[in-house]
Each structure stands twice: as structure tokens, then as C-alpha cells.
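Peer 1: Structural data only, the sequence is not supplied:
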């Protein structure tokens, strides 16, 4: 027997029943409580993911991870090679001579021969080489006069045709000319210590100053209380007004001795300094953007980098400071704590 057909009225009842069931499920899902719980769950997931991302970034960022690691003791393989004599405890005056070229010679009698130097085209002629030597000699003479000073020649491995650093070549020339003073030692069994060293990583004048402070600390175990820079007279304002202020170094504890080349192109050199040195730093105080950064990169052909993150941990935030729009502009001065804040 065939099944009886479903009446049309029964079909309508079944249809209405299914429709009511679907609506009840939909209404239950779309009630205010369900929406609120779902939204809360989504917001919680987003917040947790954001927290995990920021924590991961914070822990992995170079500045933070480096800064934290530097406050742990240095590894034994580094500390075991370092021996600072007590006589260094009286050293508090940094005398810095920034490098401008590389002396490749061996005969001090030929120190003024341009062929004994690695020079940029604009450095040839006009007595530039003589000025370099007079900077070296003046710095050494100041160091001899002050037994509490440390002479630092500063300048990196800037020329692709030489593995020497500017600082190292200046030091070689000073040693060859017998200009370097020594530290007095309490015993004849302790060899005389040179009161001069090199800072081998700076790529421009700002780094000459900052890195020499860090190198002073690396060498003596303390920061200087006075700084004297010996360089070109036409660069005086760049150092005294811009670089010193960028480091917040007290003006009363900063001195500059300027020695220019004795030539007829001084006016040209002064204009070059204004356009290519002084003015760029007035709009990019720390030299970490655009043209000034490009100069640093071009002067680092061997991809060298310094050790001051580990030897001078107090300076890590300053070493990493590169202000931008979020910091108040490229001239925003670093405002964090510095070892010389208590100086007057």
C-alpha cells in the first residue's frame, strides 16, 4: 500500500516549525549577551597578542638587550687580558686629536711629504700635511705639561686603500718623532706606561669626541673631568657649539685649541666647513640622518664597529640616540642621565 500523501496543512505546520527553530538559533546567537561575550573574547585575544608582541620586541631590541647585558660582568676572557695600573687613577684630563688622514710612512724626516700620506684630493697642497703634524705635536706637548692627562688620537679605518686607522697612523708618527709622554711608575720592575692611546672607530668629528670619551673610560676605568680638543681653528664652532652641547658636556670643562694650515686657501676651507660641516650638524645634531649618515657609511669600507657598548655601558643610550620626528625633531638633545651630569 502506498503511503498517504501529507496534507497541505501539515506541510505548512512543519514549515512553520522549522522556520521557528532556525529563528530561535539565530536569535540566541545574536542576543546582546552573546555579542558582548564574543566581542570581549576577541578584544582579549588582541590584547594578549599585542602584549606578547611588545614584550618580544622590548626584549629583543638592540638597545634594551644590550643595555641589560652590559650591566652583567664582562666575560672572563676579556677581563683576564686587562690590567690597569694604579697610576691611571690620577688621570682625569682627556686631550683628543681628531684624525684627518693616514700617514703611511716610516721615516719621520719625510713627515711633510704628501706622498707619505693617504689624502683626499682636496687635502693636497696648501700645507694640510703640516697642519696634521702640528696637531699631533701640540696635543703631545699639552700631555707633557699635564701629568694627569691622557692623549687620544681618534679616527677609524676610513680609506679603502689602507688597513691602518687614522688614529693608529698618528700614533706611529708621534712615536717615531719621540713625542709621546709616559706615566711615572712606582717601581722599576713596571715598564713605563704611555700616556697616549688610540680611538680607532670614529668616522666623523662628532664620533671623534663621543668615542674618545668612551675610549678614555675603557683605558682608565673612569670618565674624564676635563676635555681639550686640538684640531683646525675653522672647526672650533662645530666642536664647541654643536658637538659639546649635543653631549651636554659642561662648557667650563671643555677647551679647544685651533691650528689651521698656513696657506692662502683658508677662506675656501672656512666656507667648506660652513657648508659641509657646521650647517649640516645644525639640522642633524647627532649626524645620524641623510648626508651625514652617508658620510659615515662611506668612511667605513671595512665594516668595523666599536666596543664601547660593553666597555662604557653608561653611554649606551647616548650612543644609540638618533632623534626623529617622534622625539621633537633631528636636533632634539639627548635627555637621559650621563656620567658627567654632576659636573659644573
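Peer 2: All right, it came through fine. What you see is a predicted model, and the numbers here were worked out from it, not measured in a lab. Residues are numbered from 1 along each chain as shown.
Peer 1: And for residue 225, the neighbour number?
Peer 2: By other Cβ atoms under 10 Å, the residues close to residue 225 number 14. (Glycine included, C-beta is placed from N, CA and C.)
Peer 1: Report how many residues lie close to the closest residue to it other than its chain neighbours.
Peer 2: Using Cβ to Cβ, 6 or more residues apart in numbering and skipping residues adjacent in sequence, the residue nearest residue 225 is residue 92, 4.5 Å away. Taking other Cβ under 10 Å as the criterion, the count of residues near residue 92 is 16.
Peer 1: Kindly report the same for residue 218.
Peer 2: 18.
Peer 1: can you check the one 4 residues further on too?
Peer 2: The number of residues packed near residue 222 is 14, by other Cβ under 10 Å.
Peer 1: which residues touch it?
Peer 2: Contacts for residue 222 were tallied using Cβ atoms under 8 Å, 6 or more residues apart in numbering; they are 89, 91-92, 216.
Peer 1: repeat for residue 180
Peer 2: For residue 180, the contact set (Cβ under 8 Å, 6+ apart) comprises 140, 143, 151, 171, 174, 194-196.
Peer 1: Report whether it is found in a strand, as I expect.
Peer 2: No - secondary structure assignment places residue 180 outside any strand; it is coil (DSSP: H, G, I helix; E, B strand; the rest coil).
Peer 1: Please name the nearest non-neighbouring residue to it.
Peer 2: Nearest-residue entry for residue 180: residue 196, 4.7 Å, with adjacent residues in sequence omitted and distances by Cβ to Cβ, 6+ apart.
Peer 1: now that neighbour: how far from residue 256?
Peer 2: Per Cβ to Cβ, to the nearest Å, residue 196 is found 19 Å from residue 256.
Peer 1: neighbour-wise, which of these two wins?
Peer 2: Neighbours around residue 196 and residue 256, counted as other Cβ under 10 Å, are more numerous at residue 196. The numbers are 25 against 18.
Peer 1: Mind checking which of the contacts of residue 180 are in strands?
Peer 2: 151, 194, 196 (DSSP state E).
Peer 1: want to try CSV for these, with distance to residue 183 as columns?
Peer 2: CSV is the format used below for the ones in strands among the contacts of residue 180 (distance: Cβ to Cβ, whole Å):
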residue, distance to residue 183
151, 11
194, 7
196, 10
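Peer 1: Lowest pLDDT pick from those?
Peer 2: pLDDT across the ones in strands among the contacts of residue 180 is at its lowest for residue 194, which sits at 88.
Peer 1: circling back to that earlier point, quick check: the residue nearest to residue 180 touching residue 183?
Peer 2: No - counting by Cβ atoms under 8 Å, residue 196 stays clear of residue 183, with 10.0 Å between them.
Peer 1: returning to what we had before: what residues does the residue nearest to residue 180 make contact with?
Peer 2: By Cβ under 8 Å, 6+ apart, the contact list for residue 196 reads 140, 143, 150-153, 171, 174, 180-181.
Peer 1: Quick check: which ranges of the stretch 151-300 of the chain have low pLDDT?
Peer 2: Residue ranges of the stretch 151-300 of the chain with pLDDT under 70: 184-192, 264.
Peer 1: where exactly do the strands run in it?
Peer 2: According to DSSP state E, counting those that start in this stretch, the stretch 151-300 of the chain carries its strands in the segments 182-183, 193-194, 196-199, 226-231, 254-258.
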